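**Q** Provide a 3D model corresponding to the input given below.
(2 chains)
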There are 2 protein chains.
Amino acid sequence: MNALSQNKIKQIRCLQQKKCRDEHDLFVVEGEKMVAEVLMTASEHVEFCVSTADFYSEYAKGVEWYQCDEETLKRCSSLKTPNKVIAVVRKMAFPDTRTSFLLALDEVQDPGNMGTIMRLADWFGVKKIICSRTTVDVYNPKVIQASMGAFLRVQVEYTDLKPYFQKTQLPVFGALLEGENIYKTTVQPEGILLMGNEGNGISEELRSFISHPVSIPKRGGAESLNVSIATGILLSEFFRNA
Amino acid sequence: MNALSQNKIKQIRCLQQKKCRDEHDLFVVEGEKMVAEVLMTASEHVEFCVSTADFYSEYAKGVEWYQCDEETLKRCSSLKTPNKVIAVVRKMAFPDTRTSFLLALDEVQDPGNMGTIMRLADWFGVKKIICSRTTVDVYNPKVIQASMGAFLRVQVEYTDLKPYFQKTQLPVFGALLEGENIYKTTVQPEGILLMGNEGNGISEELRSFISHPVSIPKRGGAESLNVSIATGILLSEFFRNA
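**A** Below you'll find the predicted structure:
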């Protein structure tokens, strides 16, 4: 193991910014469990790792490795409670999987929601998520953290959703408060499930592309559901009979 | 409006700590929307409010009100992005609603999860949540924030779950990875749905009380689901035919 230089610290900290991630095609993965998973399944993408002394993975062989004290790791970390290990990872290109069911996100802003939605997609076996360019960056450290490794398995693509929907042959299910009761709609995992922004839902511009507006009936006093929760409940409906 | 004294600032900041909240029976609500809701539905519980000049609610009449600049409000706030208004609110006693369906939480730790679960309960009309004493405090500012006002409608009670389960006559549904496929189980909103800790699930001690272990079948690569997401999907199953 080598000592961590000031330059490397700068590099890691810089990767908290999207601009820097885009420029270098790198991102940061934190935490023993997730770094171990990256080393196990994609070590060829790992540029280097930094850890306090006590991290060990049998898959770390051949990986450039630096050691530092807790204080320094804390300086590198974007998390409030930093982990014992940080990996700097090269962005992965996914082979474009053709799939008959995918998720579309229109301006989801909260990194926690985005990561949780990726984890959900990963759970249900949804292979691809397409996002408006205004959706939070998949390589944001908080997204990576909340995804619990889903970034290794779920393809996330940023695009202009309007032309995408203009071209698609797939039915578009859109989560709208005034949509049809999802419990009374028979749905199969075929098509696109479109979810909207935390505050404003699906943008006006995209609503016209929704062929099947759906909603989760409300029984109590809450005004709305969190977008990741609504995505979970709707995905569950798509897959419950699949 | 009066100017905000140093003492009041101290009092608000102190309420970020559970010990202080318990001692004074007070908690803090932040944000225009939620403070407006508290003023509208429970203004008699509002001790005082603090805002920058531009907050107005027609329900604020008769409420002790202080004004301060953004910098000071930021000092009072527990949030990264502070809001324009903070209310200090007296804890509310709920009449003990008898209900045939309730949620039980065993050591849920993350305030965001706790608040989201309360919001979910509120959406589905679940009136009561019982929590192990090790579950995060319902009056934690981040719980209140994530609950989106559910704390006004959902009763949350802390108790020793073991004796509670020993006494109850209700069936206990427990979320376990090895439980029965929830999609193949006919469930009605009658009984207790028990959810466990983020990392460890339901504690050994309580597992024996589960009469109906249930699970959400996994189809993809994720190892687990977030506890609030799992709660959402399971609640949806309980209420989809109700």
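**Q** can you mark which positions in stretch A:218-235 are buried?
**A** With burial defined by 16 or more other Cβ atoms under 10 Å in any protein chain shown, the residues of stretch A:218-235 counted as buried are A:220-222, A:224-235. C-betas here are computed from N, CA, C, even on glycine.
**Q** and the two most separated of the residues you listed?
**A** Greatest spatial distance among the buried residues of stretch A:218-235 (Cβ to Cβ): A:Gly221 and A:Leu235, at 24.9 Å.
**Q** what sits against A:Ala87?
**A** With contact set as Cβ atoms under 8 Å, 6 or more residues apart in numbering or on different chains, A:Ala87 has these partners: A:Val28, A:Val29, A:Glu30, A:Val35, A:Val38, A:Leu39, A:Val46, A:Glu47, A:Phe48, A:Cys49, A:Val50.
**Q** equivalent analysis for A:Trp123, please.
**A** A:Trp123 touches B:Ile216, B:Lys218, B:Arg219, B:Gly220, B:Ala222, B:Ser224, B:Leu225, counting by Cβ under 8 Å, 6+ apart.
**Q** which among the residues you listed are in contact with chain A?
**A** Intersecting those with the contacts of chain A gives B:Ile216, B:Lys218, B:Arg219, B:Gly220, B:Ala222, B:Ser224, B:Leu225 (criterion: Cβ under 8 Å from any Cβ of the partner chain).
**Q** quick one: the helices in chain A, in order.
**A** A:6-14, A:18-24, A:32-42, A:70-76, A:111-124, A:141-147, A:161-167, A:204-207, A:227-239 (DSSP state H).
**Q** reformat those as JSON lines; add distance to B:Lys74.
**A** Formatted as JSON lines, the helices of chain A follow (distance: least, Cβ to Cβ, whole Å):
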{"stretch": "helix A:6-14", "distance to B:Lys74": "24"}
{"stretch": "helix A:18-24", "distance to B:Lys74": "25"}
{"stretch": "helix A:32-42", "distance to B:Lys74": "33"}
{"stretch": "helix A:70-76", "distance to B:Lys74": "23"}
{"stretch": "helix A:111-124", "distance to B:Lys74": "22"}
{"stretch": "helix A:141-147", "distance to B:Lys74": "21"}
{"stretch": "helix A:161-167", "distance to B:Lys74": "36"}
{"stretch": "helix A:204-207", "distance to B:Lys74": "34"}
{"stretch": "helix A:227-239", "distance to B:Lys74": "27"}
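**Q** those: which one's closest to B:His212?
**A** Nearest of the helices of chain A (Cβ to Cβ): helix A:227-239, 18.1 Å.
**Q** give me the helices and strands touching the closest one, please.
**A** Using 3 or more Cβ pairs under 8 Å, 6 or more residues apart in numbering or on different chains; DSSP states H and E, the elements in contact with helix A:227-239 are strand A:101-105, helix A:111-124, strand A:172-181, strand A:191-195, helix B:111-124, helix B:227-239.
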